Each structure stands twice: as C-alpha cells, then as structure tokens.
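Chemist: give me a 3D structure for the following:
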Amino acid sequence: MLRFPDSEGLRPTPDRVRETLFNWLGQDLSGLSCLDLFAGSGALGIEAASRGAVRVVLVENSRPALAALAANVGLLDAGGRLEIVAADAVKFASSRPSTASRFDVVFLDPPYKQGWLERVAPLLPALAADDGVLYVEAEQALDACGEWRTVRCGRAGQVYYHLMRRGGADGAEQANSDLRGHL
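Modeler: I've put the predicted structure just below:
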C-alpha cells in the first residue's frame, strides 16, 4: 500500500485506470525500461517495476512527493530497478545526453492546466525509444502528443487517459496489435 502526501496537484492514477493501462501494456514488462516523468506518488513506475520492468526512473520536483517516493521505494524489494531523480521534468528531459539510452515506456501524468505536455512534447524523441509508447493522462482528450498518436484511450471521471505510439494512428486495432507484439 503506497503512501503519499496530500498535496495540491498530486492525483495518484486511480486503480481502475492503472488496471486498464497494464492490460493495454501487458501484464509482464520484463526487460523493458520505463520513465515516470511526473512521478508524483510513483504509482505507475512502481507498478511497472512490480511487473518486471528492468529499469524505472521516477522524476519528481516536489520535496514532499520526493520524500514519500523514497519511503515507498524503500518498502519495496525492487532490486535496484527503481531510480528516483529530483528534477524538473523539462530540465531532466532537456539535459539528457544524446548517447543516453531511451525508454520503452514513458508515463506522462503532469499537473493539469500548466502547459507541461506542450513543453515536454518536443523533448520526447530523446526520451522514448523509436518503438516506445507513451501513456498520457490529461484534463482533456488528446489525439496526439508530439510525434505520438493515440491508439487507445478512456476516461474516468475528469481524467482522460491515452496510450500513444509514434507515427500515424490509421487503424487503431492494427496499432494495438503491433503494440502487443512489441511489448
């Protein structure tokens, strides 16, 4: 059971939405690397690690959220697969060397109505592998985020959630089929 501070803008992804997301991604993430760019409670990244992701980087800028992340990660036996980075998401993304390995799955759940997705979108090609996928939560439905197009989406209350792949979204079923083959 994860614990996190009651903080403005911190919205842990609801259980039902996380269940849907990991059904889309597949239950076994063995061998994949994941980035939780706006980690907040860390629920998405921690769940990815529990499903076998070999490396999960949790990026967070809020001191109270960072303390809670450290405590939550300390409770888990993640075998060093979880790395917490105290940084602003844009600074983290823009400071990565071009030789750095890219991530198979990037989770984006930024604070709403602050323009984070627009600022991060141009930096995503340096973060996500060529065949990597994005999971995006937003206050509205999205067709795209930079080069990535929505292939699956849903809504839970005021949360719109999206699974995105790079390139065209012609034929979501085909894209979903390709995704299952990749992951």
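
Chemist: residues contacting R18?
Modeler: Applying Cβ atoms under 8 Å, 6 or more residues apart in numbering to R18 gives the contacts A43, L44, E47. Just so you know, the C-beta spots here come from the backbone N, C-alpha and C atoms, and that holds for glycine as well.

Chemist: that one belongs to a helix?
Modeler: Yes. Per DSSP: H, G, I helix; E, B strand; the rest coil, R18 lies within a helix segment.

Chemist: quick one on the thing from earlier: which of the contacts of R18 sits closest to V54?
Modeler: E47 (14.6 Å; Cβ to Cβ).

Chemist: and that closest one, how close does it get to A100?
Modeler: 24 Å (Cβ to Cβ, to the nearest Å).

Chemist: what does Q158 give?
Modeler: 35 Å.

Chemist: do E139 as well
Modeler: For E139, the distance to A100 - Cβ to Cβ - is 30 Å.

Chemist: quick check on E47 and A100: which one has the bigger neighbour count.
Modeler: E47 (22 against 10; other Cβ atoms under 10 Å).

Chemist: so what's the more buried one up against?
Modeler: With Cβ under 8 Å, 6+ apart, E47 has these contacts: R18, F22.

Chemist: looks to me like it is in a helix.
Modeler: Yes. Under three-state DSSP, E47 falls within a helix.

Chemist: coming back round to it: quickly name whichever of the contacts of R18 is closest to V151.
Modeler: L44 (18.0 Å).

Chemist: picking up where we left off before, and which of the contacts of R18 is nearest D131?
Modeler: L44 (19.7 Å).

Chemist: for that closest one, which non-adjacent residue is spatially closest?
Modeler: F107 (4.4 Å; Cβ to Cβ, 6 or more residues apart in numbering).

Chemist: what number of residues lie near the one you found?
Modeler: F107 has 27 nearby residues by other Cβ under 10 Å.

Chemist: does it really touch L29, like I thought?
Modeler: No. Using Cβ atoms under 8 Å, F107 is not in contact with L29; the gap is 11.8 Å.

Chemist: flag every buried residue along the longest helix anywhere in the chain.
Modeler: For the chain, the longest helix by residue count, based on DSSP state H, is helix 63-75. Taking 16 or more other Cβ atoms under 10 Å as the neighbour-count basis, helix 63-75 is seen to contain the buried residues A65, L66, A68, L69, N72, V73.

Chemist: as a markdown table, those with distance to L25 would be great.
Modeler: Output for those, formatted as a markdown table (distance: Cβ to Cβ, whole Å):
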| residue | distance to L25 |
| --- | --- |
| A65 | 24 |
| L66 | 26 |
| A68 | 24 |
| L69 | 21 |
| N72 | 21 |
| V73 | 21 |
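
Chemist: confidence-wise, which of the residues you listed comes last?
Modeler: When the buried residues of helix 63-75 are compared by pLDDT, N72 scores lowest at 82.
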